[in-house]
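>>> sequence unknown, structure follows:
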């Protein structure tokens with residue numbers, strides 16, 4: 001996968017692509033060809049870049065996901081723990097399950113869609129939700145084995161990109177063009193709400209001539225790319241440098257000062273008031289007051305950063321496009337780059353529990369042995385001295 005610097009300027013245009021769409025566009029044609037065409041003769045492989053090809057119809061997307069032998073090597077975008085089980089979601093409605101720390105994977109028995117799924121979350125070992133394109137929201141009550149649809153709006157032509165639940169009843173799903181849905185009954189009903197965070201305090205006198213273009217009432221519909229949570233406190237990372245925080249589990253939101261005008265694709269709380277925000281061109285920032293003030297951190301990469309995980313009290317990992325894996329051993333103050341040899345983009349990461357990382361992305365799911373990589377780097381540094 002090429003470095004995202006080739007497709008995104010340091011300050012991107014207002015209508016930058018959501019991460020799920022960007023990864024789809026950058027994925028190779030081979031991803032579509034991994035599927036067993038005999039298992040589903042209705043699937044037609046269309047070369048990417050063919051502007052004359054029609055998108056899949058809603059009828060096609062409304063069919064159940066196909067059990068595909070190579071699903072674990074397809075484009076995968078989200079993963080979560082369901083008790084001791086790992087659950088992964090991605091293109092064509094693929095849902096994969098692993099009960100051995102990510103060594104072996106099998107597809108869920110019943111998924112009622114072929115829409116691309118972008119994110120997944122669980123509140124316990126049985127109950128979980130997944131979201132994706134066409135505003136789809138799926139729910140499982142058996143640890144991801146079977147799923148049913150709670151919400152779907154293909155006419156909206158916009159993806160949901162992140163989902164969070166406080167418990168088995170209260171949840172939030174967000175996505176492109178300021179999409180914001182909430183539920184108070186476990187998803188039996190989803191309500192679309194206007195996302196209207198309190199603005200930053202205005203500094204200086206108001207200029208009565210400022211609205212020279214007559215667009216003072218225009219409200220940008222920023223893509224809401226990711227949700228992070230720590231107790232009742234939530235954060236949302238969005239495009240165009242937008243960051244938001246709620247201190248009451250999503251009841252009210254405020255706009256945060258931003259250190260960067262480019263899009264953010266992830267946030268990682270580190271405990272207390274410490275928080276990392278990351279996104280385009282390897283930009284990474286740290287706040288020690290819950291997002292009121294930020295300072296930049298050096299990453300050694302210009303690739304887009306997409307997700308992160310806390311490994312221990314001091315060790316943290318971030319992943320991104322171009323096979324980027326960043327590891328910190330000092331609670332995020334400094335970082336070491338472990339570039340994956342194949343340079344395939346990584347969309348999400350979790351610690352496996354037995355040492356390695358489990359990451360998903362352009363080439364499906366993989367286990368990354370970070371201990372071996374760190375040892376190799378140390379040996380190389382010793383040899384250089």
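Perfect, thanks for sending it. The structure presented is a predicted model; accordingly, all values stated were derived computationally and were not measured.

>>> what segments of this structure are helices?
Secondary structure of the chain (DSSP state H): helices at 19-26, 30-33, 58-61, 370-384.

>>> start and end of stretch 148-160, how far apart?
End-to-end span of stretch 148-160 (Cα to Cα, to the nearest Å): 17 Å.

>>> no, scratch that, I was asking about stretch 329-338
End-to-end for stretch 329-338, by Cα to Cα: 13 Å.

>>> again with stretch 327-344
18 Å.

>>> worst mean pLDDT among the helices of the chain?
Comparing mean pLDDT across the helices of the chain, the weakest is helix 30-33, with a mean of 33.

>>> which stretches of this structure have low pLDDT?
Residues of the chain that meet the criterion pLDDT under 70 lie in 1-56, 202-218, 371-385.

>>> how much space is there between the closest residue to residue 135 other than its chain neighbours and residue 179?
Counting by Cβ to Cβ, 6 or more residues apart in numbering, the nearest residue to residue 135 once its immediate chain neighbours are dropped is residue 153, at 4.0 Å. (C-beta placed from N, C-alpha, C; glycine too.) To residue 179, residue 153 is 10 Å away according to Cβ to Cβ, to the nearest Å.

>>> okay, and the common contacts of the two?
Applying Cβ atoms under 8 Å, 6 or more residues apart in numbering, one finds that residue 153 and residue 179 are jointly contacted by residue 135.

>>> more crowded one of the two?
The neighbour comparison of residue 153 against residue 179 (other Cβ atoms under 10 Å) goes to residue 179, with 22 against 16.

>>> wait, the more buried one touches residue 190, no?
No - Residue 179 lies out of contact with residue 190 (Cβ atoms under 8 Å); the separation is 10.9 Å.

>>> pull up the overlap in contacts between the two.
Between them, residue 179 and residue 190 share the contacting residues residue 173, judged by Cβ under 8 Å, 6+ apart.

>>> in the sheet, who's paired with the residue lying closest to residue 295 once chain neighbours are set aside?
Of all residues not flanking residue 295 in the chain, residue 286 sits nearest, at 5.9 Å (Cβ to Cβ, 6+ apart). Here residue 286 sits in beta bridges with residue 276, residue 295, going by DSSP bridges.

>>> hmm, residue 278 and residue 286 touching each other?
No - using Cβ under 8 Å as the test, residue 286 is too far from residue 278 to be in contact (9.8 Å).

>>> show me which of the two is the more surrounded one.
Under the criterion of other Cβ under 10 Å, the comparison of residue 286 against residue 278 puts residue 278 first, with 27 against 20.

>>> residues in contact with the more buried one?
Contacts of residue 278 by Cβ under 8 Å, 6+ apart are 264, 265, 266, 267, 268, 284, 285, 305, 308, 318, 320.

>>> cool, residue 90 as well?
By Cβ under 8 Å, 6+ apart, the neighbours of residue 90 are 74, 75, 76, 77, 78, 96, 116, 117, 360, 364.

>>> would TSV of those residues with neighbour count be doable?
Formatted as TSV, the contacts of residue 90 follow (neighbours: other Cβ atoms under 10 Å):
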residue	neighbour count
74	24
75	25
76	30
77	27
78	25
96	23
116	24
117	30
360	28
364	22
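
>>> quick one: which of the residues you listed sit in strands?
76, 77, 78, 96, 117, 360, 364 (DSSP state E).

>>> grab the nearest non-local neighbour of the third one.
Same thing as residue 78. Per Cβ to Cβ, 6+ apart, closest to residue 78 is residue 119, 4.1 Å.

>>> contact partners for residue 275?
Residue 275 touches 228, 235, 267, 268, 269, 286, 287, 290, 291, counting by Cβ under 8 Å, 6+ apart.

>>> pull the contacting residues for the residue lying closest to the last one once chain neighbours are set aside.
Nearest residue to residue 291, sequence neighbours excluded (Cβ to Cβ, 6+ apart): residue 256, at 4.3 Å. When contacts are counted by Cβ under 8 Å, 6+ apart, residue 256 is found next to 200, 235, 243, 244, 245, 291, 292.

>>> just the buried residues from those, in PyMOL please.
A single PyMOL command selects the buried members of these (16 or more other Cβ atoms under 10 Å):
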select buried, resi 235+243+244+245+291
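
>>> can I get the contacts of residue 256 in TSV with distance to residue 157?
Output for these, formatted as TSV (distance: Cβ to Cβ, whole Å):
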residue	distance to residue 157
200	31
235	27
243	26
244	24
245	29
291	32
292	36
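
>>> pick out whichever of the contacts of residue 256 sits closest to residue 158.
For these, the minimum distance to residue 158 (Cβ to Cβ) is 18.7 Å, reached by residue 244.

>>> contacting residues for the closest one?
Applying Cβ under 8 Å, 6+ apart, the residues near residue 244 are 197, 235, 236, 238, 253, 254, 255, 256.

>>> just residue 105 next, same as before
Contacts of residue 105 (Cβ under 8 Å, 6+ apart): 71, 72, 88, 96, 97, 98, 365.

>>> same question for residue 199.
residue 255 are the contacts of residue 199 under Cβ under 8 Å, 6+ apart.

>>> now do residue 132
By Cβ under 8 Å, 6+ apart, the neighbours of residue 132 are 20, 89, 93, 113, 115, 116, 117, 118, 119, 138, 159, 160.

>>> 7 Å instead, please
115, 116, 117, 118, 159, 160 (Cβ atoms under 7 Å, 6 or more residues apart in numbering).

>>> go on, residue 265?
So residue 265 contacts 19, 225, 226, 237, 278, 279, 304, 305, 306 (Cβ under 7 Å, 6+ apart).

>>> which one of those residues sits closest to residue 166?
Nearest to residue 166 among the contacts of residue 265, with distances taken as Cβ to Cβ, is residue 226, at 16.7 Å.

>>> tell me what that closest one is bridged to.
residue 237.

>>> most neighbours among the contacts of residue 105, which one?
residue 88 (30 neighbours).

>>> so that residue versus residue 275, what's the distance?
26 Å.

>>> hmm, back to that, quick one: the residue nearest to residue 295 and residue 273 touch, right?
No - with contact defined as Cβ atoms under 7 Å, residue 286 does not reach residue 273; the gap is 10.9 Å.
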